[in-house]
Structure formats: C-alpha cells, structure tokens
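**Q** predicted model follows, preceded by the sequence.
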Amino acid sequence: MAISIRKAKRINELPSYLFAEIDRRKRAALARGVDLIDLGVGDPDIPTPPKIVEKLMEGASKPVNHRYPNSAGLLEFRQAVADWYKRRFGVKLDPVKEVLSLIGSKEGIANMAVAFVDPGDLVLVPNPCYPVYHIGTSFCGGRNYFLPLTKENDFLPDLNAIPVELARQAKMLWINYPNNPTGAVAEKDFFAGVVEFAHRHNIIVCHDAAYTEMGFDGYRPMSFLEVDGAKEVGMEFHSLSKTFNMTGWRIGMAVGNHELVGALAQVKSNVDSGIFQAVQEAAIEALRLGDEIVEPSRKIFQERRDILVSGLRSAGIECEKPRATFYVWVSVPKGLTSAQFATRLLDEAGVVTTPGNGFGEAGEGYVRFTVCVDKKRLEEVTDRIRQVRF
Ligand SMILES: *Cc1c(COP(=O)(O)O)cnc(C)c1O
C-alpha cells in the first residue's frame, strides 16, 4: 500500500487552473473531429532559422561541450549578450558581473523570488500578467500586491495609486513591456517614473523584456536599462525564445545591477548546472545575426496582426491593434464574460483563445488571441467568427 503523500502547502495553495474548462472542451472538440485553430498559446510556429540550427549541430559534435557547463553561462555567451545590448539599445554591460545566462527567462523570473523574497515580503505585480511573477512570490511565502492594468491607463500600472504605506513595505516590482497579455508598450517617461519610484521607496525593479524585438511598423521598443539610474535599481530579463523563434531551446538572460544579477547567480549555482554549451554557441550566432534573422519574422507577425485585427473589427469585435508582441487583446462583446466568450469561440467557431481573467482578475472583459498560425488560418478564424452572432 502506498504511503500517505502530502504535498507542500505551496503546491496546494496554487490558484485553481482557470484553463481546465477550456482544456476539457478543447479535447472534446478534437475528439469530435473539429478542425480547431489554436490561438491560445504564445509559441511561434515559425521554425528556428537554419543558421542557428547549424551552429547547434556543429557544437553538439564537440566533446568539450559534453561536460557540465558553467551555471552563469559561457563568457563568450555573456559577451555576446553585452555586445547585443550595446548595439541594440546603447546599453553598456559588464559581461562578467552584469550578465547571467538563464534556462529560459521563465527560470530566472521564478528564481528571483528565491534570491530576494523572504516570508512576508511584499512584491508589486501587474494584473493581468505573466503568472510566474506572482507564483514566484507565493512559492517563497511572500505577499503579492496587484497593480491593475486598465485601458484608461494604457495598460500601464499607476504607481501613484499605490498606498504610500505599501510602497514603503514593497521589496520588488515587476513590469513587462511590450506586454503579455495586453500587447501594450511603454515609453521612456513611464520607465523614468519607475526608476524614480524605486529610488524613493527602495524597491528592486524587474523588467521582463521578452518582446522588445517584436515591434511593428518600424517601432523599436526600448530597454528599461536605457533610462538614467535604471541600473541602480533593477535588472532586465530577456530571452532568445520569442526573438529568434527558439522557445524550445531554453535560453535567456538576466542583465543589469551587479548585486541583483550576482544574487540570482548564487541561487542558480546551487540548483542548476547551466545550459548545454552547444545551445549557447547557437545563441551567440543568433545574437550576432540579430535583425538579419528577426526582420523576416517581424514582417510575418505584422501581416498576421493586420489580418486578425481588421477581420475581428469587421466582425464587430473591438480590439487593440498592438504595436508589438504577437498578442491581440480583444474586448469581450457586451453581456458576456471572458470565459463565456472564449467558450463560445471554441464551441461555435472552433477557435481556441485564452480568457483574459486567466492572467488575473483585471483581465476580465478581454480574451487574448495569438497570431502564431499562418495567415490562411487567420483568415479562416475571422471568417468563422463573422458567422457567429455575439
Ligand atoms: C514567453 C514569455 C517568457 C518566457 O520566455 P522563456 O525565455 O521561453 O522562458 C517570459 N515572459 C513573458 C512575458 C513571456 O511571454
């Protein structure tokens, strides 16, 4: 007979899985043979460019790469990150002290809490958001204070609305622009306000910059570290995943303030042993090629965005036209909740989306569409939606 197994409280206290119902309906529809179009997951469908794959294959055949890598990353990789930041953003980084490799930025984001959050510590987290920010806090016994992102505020957190008492207690703040799930972007004045706020209240700023390379119509989103004083208060999380269509490769980076980067490195050296060096060598090549390989995928996502946005609008559905990211944040038709709209899209149009409240309660009233299928399928999506009466 099996022993009695009791999971840790941190597992039992995880928020209930909001997508379970969508998942169940998705499986049922697939079982009925429905031709589902999945705009639920934020995972580029475009393959990793061949030049990057070739570097991996080359690297995989070198015995020196078959040993344990260094948890902080190859110095050559960290140097390539520093060079890319200099070229792309004009930001200078010391590759030894201010750059750290991550097994995908998700890993680093989750481990930030291990490095900085003690039980009871307060962390400021946007809502809706990429869930890892607040789950990291919860796993470490910290408290999350949620900052609503609303259309009225251009989906930027209103730092002045945070009660001073709480701002004083806060240890860390998460921000993410271009934003998942809203597709919103932030400009220099917003980031400058964040730096000022962080100085005033002694708060660590973590900027998740996963989508800076997915800007459209010539728009180039900035790095938080471009702002004066940013490196005194914070760091930035970046990733090869979305930029180079490398989500499966698991490589990203944390850059910025050397004490913050150093503490995260300390955690990591105790729990992981780094990234396969051949993957790091391929990533160096990706960063070196930069826009040469990013520009074609930017064009593809931009064209798809235009098809989806104009198609939805012609179906009478209101949505933001994002300047960056491969997400479209769609307003739910009057009289429906996010979950009801997503369910009807699935049952009546065979289109899978993510209800906005799955990213936090302030996402209620929205549904997130991705543009990670080809344009023919997106045209099919809007044709199908036009036939449903909402
Ligand atoms: C995809 C995504 C990540 C994680 O990327 P990985 O580097 O693949 O772990 C982090 N933040 C946001 C907002 C994302 O959408």
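**A** Now that the structure is in, tell me what you want to look at. This structure is a prediction, so every number in the text was calculated from the model and none was measured.
**Q** just the C-alpha atoms of the helix or strand hosting Phe237, please, in CSV.
**A** Element membership of Phe237 [criterion: DSSP states H and E] is strand 234-239. Extracted C-alpha coordinates of strand 234-239, given in CSV (Å, rounded to 0.1, in the frame of the first residue of the first chain):
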residue,chain,number,x,y,z
GLY,A,234,17.0,47.0,-11.2
MET,A,235,17.5,44.4,-13.9
GLU,A,236,16.0,43.1,-17.1
PHE,A,237,15.0,39.7,-18.1
HIS,A,238,15.4,38.8,-21.8
SER,A,239,15.1,35.7,-23.9
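**Q** near the ligand at all, it?
**A** Yes - looking at strand 234-239 against the ligand by Cβ under 6 Å from any ligand atom, the contacts come from Ser239. All C-beta atoms are positioned from the backbone trio N, CA, C, and that covers glycine.
**Q** which elements pack onto that strand?
**A** Of the remaining helices and strands, those touching strand 234-239 by 3 or more Cβ pairs under 8 Å, 6 or more residues apart in numbering; DSSP states H and E are helix 105-116, strand 204-208, strand 252-256, helix 258-271.
**Q** which residues sit against the helix or strand just after the first one?
**A** Tracing the chain past helix 105-116, the next element assigned as helix or strand by DSSP H and E is strand 122-127. With Cβ atoms under 8 Å, 6 or more residues apart in numbering as the contact definition, strand 122-127 has outside contacts at 113, 117, 133-134, 137, 142-149, 157, 162, 166, 169-176, 179, 203, 359-363.
**Q** show me which positions of the helix or strand bottoming out on mean pLDDT in the chain end up buried.
**A** Every helix and strand in the chain was compared by mean pLDDT, DSSP states H and E; the lowest is helix 20-31, with a mean of 87. Of the residues in helix 20-31, those buried by neighbour count under the rule 16 or more other Cβ atoms under 10 Å are 22, 26, 29.
**Q** sorry, back to before: partners of the strand holding Phe237, with directions?
**A** Partners of strand 234-239 in the sheet, by DSSP bridges, are strand 204-208 (parallel), strand 252-256 (antiparallel).
**Q** wait, Gly256 touches Asp94, no?
**A** No - judged on Cβ atoms under 8 Å, Gly256 makes no contact with Asp94 at a distance of 10.6 Å.
**Q** the more surrounded of these two?
**A** When neighbours are counted by other Cβ atoms under 10 Å, Gly256 comes out ahead of the other of Gly256 and Asp94, with 27 against 12.
**Q** against the ligand, how distant is the more buried one?
**A** With distances taken as Cβ to the nearest ligand atom, to the nearest Å, Gly256 is found 16 Å from the ligand.
**Q** got the contact list for the closest residue to that residue other than its chain neighbours?
**A** Excluding the flanking residues, the one nearest Gly256 by Cβ to Cβ, 6 or more residues apart in numbering is Met235, at 3.0 Å. Shown in contact with Met235 (Cβ under 8 Å, 6+ apart): 205-207, 254-257, 260-261, 264.
**Q** residues in contact with the longest helix along the chain?
**A** Assignment by DSSP state H gives helix 291-314 as the longest helix of the chain. For helix 291-314, the external contacting residues (Cβ under 8 Å, 6+ apart) are 44, 46, 49, 51-52, 213-217, 243-245, 286, 319, 321-322, 326, 328, 330, 369, 371, 373-375, 378-379, 381-383, 385-386.
**Q** tell me the buried residues within these.
**A** Among the contacts of helix 291-314, those scoring as buried are 44, 49, 52, 213-216, 243-245, 286, 319, 321-322, 326, 328, 330, 369, 371, 373, 378, 381-382, 385 (criterion: 16+ other Cβ under 10 Å).
**Q** tell me the buried residues in the longest helix of the chain?
**A** Applying a neighbour-count criterion of 16+ other Cβ under 10 Å, the buried positions in helix 291-314 are 293-294, 297-298, 300-302, 304-309, 311-312.
**Q** wait, which of these is closest to Phe224?
**A** The closest of the buried residues of helix 291-314 to Phe224 turns out to be Val294 (Cβ to Cβ; 19.6 Å).
**Q** how far away is the closest one from the ligand?
**A** Going from Val294 to the ligand by Cβ to the nearest ligand atom gives 15 Å.
**Q** quick one: pLDDT of that residue?
**A** pLDDT, the model's per-residue confidence, is 97 for Val294.
**Q** straight-line length of stretch 170-186, end to end?
**A** Chord length of stretch 170-186, first to last residue, is 22 Å (Cα to Cα, to the nearest Å).
**Q** oh sorry, the question was meant for stretch 160-169
**A** With Cα to Cα as the measure, stretch 160-169 spans 15 Å from end to end.
**Q** same question, stretch 98-108
**A** Across its full length, stretch 98-108 reaches 14 Å between end residues, using Cα to Cα.
**Q** which residues does that stretch contact?
**A** Identification of contacts with stretch 98-108 by Cβ under 8 Å, 6+ apart yields 72-74, 77-78, 81-82, 93, 132, 208, 210, 231, 237-239, 241, 247, 250-258, 261, 264-265, 268, 272, 274-275, 280.
**Q** try it again with 6 Å
**A** If you take Cβ atoms under 6 Å, 6 or more residues apart in numbering as the criterion, stretch 98-108 is touched by 72-73, 77-78, 81-82, 93, 132, 237, 239, 250, 252-255, 258, 261, 265, 275.
**Q** for the chain, what lies in contact range of the ligand?
**A** Proximity of the chain to the ligand (Cβ under 6 Å from any ligand atom) is limited to residues 42, 104-106, 130, 176, 180, 208, 210, 239, 241-242, 247, 252.
**Q** tell me the one of those residues nearest Tyr68?
**A** For those, the nearest to Tyr68 is Gly104 (18.7 Å; Cβ to Cβ).
**Q** what about that closest one, how many neighbours?
**A** Burial of Gly104 is recorded as 21 neighbouring residues (other Cβ under 10 Å).
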